[in-house]
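Student: Quick one, what's the 3D model for this:
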Amino acid sequence: MEIKLQELDNCMEPFEIYKIFKDDRNTAFLDSARDFQTLGRYSFIGVNPFLVLKEENSICHINGSLCQCDTFEKLDELLKEFHVEYPFEIPFPAGCIGYISYDAGLRLDKVNITSCKGFDIPDIYFVFYDNLILFDNLTGKRYVSACGRLTSFDESIALILARINSVEEYKKTACEYPDIRKEAIKKDSFSSFSQTNDSNASDSFNGFKSNFTRKDYEEAVTRMKKYIRSGDIYIANMTQCFLKITEKNSFDIYEMLRGINPAPFAAYLSFDGFEIISCSPERFMRMDNRMVETRPIKGTRPRGRTPQEDEENKNQLLQSEKDKAELLMIVDLERNDLSKVCKPGTVKVTELFKLEEYSTVFHLVSTVIGELRDGISALQCIKSCFPGGSITGTPKIRAMEIIDELEGIKRSLYTGCIGYFSFNGNADFNIVIRTLIKKGKEVCVGVGGGITWDSVESDEYMETLDKARAFFRI
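Tutor: Down below sits the predicted model:
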């Protein structure tokens, strides 16, 4: 396969360009809305799909037709078929964008599922695009790529450029790209959220209803602690799911959430019959030139209502031995997962207890890296390490069994992963947290936290509300 790349002479922000294509079928926007110099350097828009691969009810579909095959095996086959090496610095000039649900991970790990069905969307969904619009958020450069699958390279790129250039108001505007990037960073500050944040936000669900009452959630945490005391697990992630009926437009919801809670691994996926709105701060796995990186998050505190309270909450998290112990256990799990697919001696922890600030919460984050063994593909790496340790627990399989028992309903996409597979072998996926799914008028938001022996039930419940706070505003 040949890939053609052409630089775009246009100063529009990625978000504004995606608006032009948002009503097209099966579009995707991988939106790095902050941390441009480190985590969020690139953003990608996928348009003009030439192939859609999905799994519903354990059955693989390709472009709407049933396929008598394993979905992961078919995905692997397609990535090998379209594999191509190219001389571009950008890690993802061509490929597919989509997701793998947490429920698909249960099948991968052969976990016996007893919980009832959750939010009903396909377990796996990947769209292969003829065109990508690529943004280097650090340099301000942007490009259009073409695979030539639907029409000629030149015609394909010309059609994309024509649609972008038809937005006359932006053709007349001077290039504001660096200022727009500064604005995105500004929005992710304490002051911008605290000024608009209602002090009772944690007590008001704004029409959302959970699958748990507070009493039931805290009792589930108590039961999980009993499993810890008996030696079944050391830590596990306990979640609840909030549902709401809304008339609001999906893209309007994303625009609002993006404004108050920008994230380095955000995404907006407009797929057949449903939309996914993700403001995830967590990277599950990145593979770039055979190097792999994972960035688990454990430890959360809410942003304060005043600068003094904000500083107190930050220092409390930095000094919390409980949160550090949680993160350390997950780091050990991630090191073990990566050792299965990486060359001996290459797995290293490069950051251990790094504090990151977001508009509604503080987090502790670690970074683990390694070099993939020869013959291990990005998909094989994802499958081997999926689901992420930060949203399951340790030991992973037993934690997933207990999660299935106590949560009562399937997680669906929540705590799965969203991202891309590039045709050159690169990949980058988030952990699906701080994410809303909308199907028709119904929306679903999952939130949770890690449970250890010294967890306090009421604190764990309130932590889930802190994480959902931005979503309760829709």
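
Student: Show me the helices in this structure, by range?
Tutor: 14-21, 71-81, 102-108, 153-165, 168-171, 177-187, 190-196, 214-229, 250-260, 307-318, 321-339, 378-385, 396-407, 457-468 (DSSP state H).

Student: okay, the angle between the second one and helix 378-385?
Tutor: Helix 71-81 and helix 378-385 meet at an angle of 150 degrees, taking axes from the mean of the first three to the mean of the last three CA atoms, to 10 degrees as the criterion.

Student: List the buried residues for helix 71-81?
Tutor: 71-72, 74-76, 78-79 (16 or more other CB atoms under 10 Å). For glycine as for every other residue, the C-beta is placed from the backbone atoms N, C-alpha and C.

Student: CSV for the residues you listed, including pLDDT?
Tutor: Converted to CSV, the buried residues of helix 71-81 look like this (pLDDT from 0 to 100):
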residue, pLDDT
T71, 97
F72, 97
K74, 98
L75, 98
D76, 97
L78, 98
L79, 98
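
Student: Go through those residues and say which is closest to E155.
Tutor: Set against E155, the nearest of those by CB to CB is L78 (24.4 Å).

Student: Please name the residues that touch the closest one.
Tutor: 51, 53, 96, 128 (CB atoms under 8 Å, 6 or more residues apart in numbering).

Student: Next one: the third one relative to L39, how far apart?
Tutor: By that I understand C96. As judged by CB to CB, to the nearest Å, C96 and L39 stand 22 Å apart.

Student: pLDDT weak spots in this protein?
Tutor: 34-37, 168-204 (pLDDT under 70).

Student: show me the biggest strand of it in terms of residues.
Tutor: strand 42-56 (DSSP state E).

Student: just checking, F119 touches I437?
Tutor: Yes - F119 lies in contact with I437 (CB atoms under 8 Å); the separation is 5.6 Å.

Student: what residues are shared contacts of these two?
Tutor: The contact lists of F119 and I437 share 412-413, 444, where a contact means CB under 8 Å, 6+ apart.

Student: mind listing what D70 touches?
Tutor: D70 makes contact with C60 under the criterion CB under 8 Å, 6+ apart.

Student: can you check L327 too?
Tutor: 296-299, 352-353, 364, 366.

Student: what's the burial count for A236?
Tutor: 28 (other CB atoms under 10 Å).

Student: Please report the distance of it from K340.
Tutor: In terms of CB to CB, A236 sits 21 Å off from K340.

Student: picking up where we left off before, direction included, what does the longest strand of the chain pair up with?
Tutor: strand 27-31 (antiparallel), strand 59-62 (antiparallel), strand 124-136 (antiparallel) (DSSP bridges).

Student: what's the angle from the longest one to helix 14-21?
Tutor: Right, the one you point to is strand 124-136. Going by the same axes, to 10 degrees, strand 124-136 makes 130 degrees with helix 14-21.

Student: Now strand 124-136: buried residues?
Tutor: Going by 16+ other CB under 10 Å, strand 124-136 has these buried residues: 124-135.

Student: Please apply the same query to stretch 80-96.
Tutor: By neighbour count with 16+ other CB under 10 Å, stretch 80-96 contains the buried residues 82, 86, 90-96.

Student: Quick one: those as TSV, columns for distance to I20 too.
Tutor: Shown next, in TSV, are those (distance: CB to CB, whole Å):
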residue	distance to I20
F82	26
Y86	26
I90	21
P91	24
F92	20
P93	20
A94	20
G95	21
C96	21
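
Student: Looking at these, which two lie furthest apart in space?
Tutor: Checking these with CB to CB, the most distant pair is F82 and I90, at 16.9 Å.

Student: Look up the residues forming beta bridges with I451.
Tutor: Going by DSSP bridges, I451 forms beta bridges with A236.

Student: That one and K226 touch, don't they?
Tutor: No - counting by CB under 8 Å, I451 stays clear of K226, with 10.8 Å between them.

Student: More neighbours: which of those two?
Tutor: More neighbours surround I451 than the other of I451 and K226, with 28 against 10 (other CB under 10 Å).

Student: what sits against that one?
Tutor: I451 neighbours (CB under 8 Å, 6+ apart): 221, 224-225, 228, 235-238, 393, 460.

Student: cutoff 7 Å now
Tutor: 221, 224-225, 235-236, 238, 460 (CB atoms under 7 Å, 6 or more residues apart in numbering).

Student: closest to D272 among those?
Tutor: Among the contacts of I451, M238 lies closest to D272 (CB to CB), at 32.2 Å.

Student: More neighbours: which of F119 and I437?
Tutor: Between F119 and I437, I437 has the larger neighbour count (other CB under 10 Å), namely 25 against 22.

Student: partner residues bridging that one?
Tutor: Applying DSSP bridges, one finds that I437 bridges with I276, C444.

Student: Just the endpoints, please. Distance across stretch 256-268?
Tutor: 12 Å (CA to CA, to the nearest Å).

Student: among the helices of the chain, which is nearest V47?
Tutor: Comparing the helices of the chain by their distance to V47 (CB to CB), the top pick is helix 14-21, with 4.9 Å.
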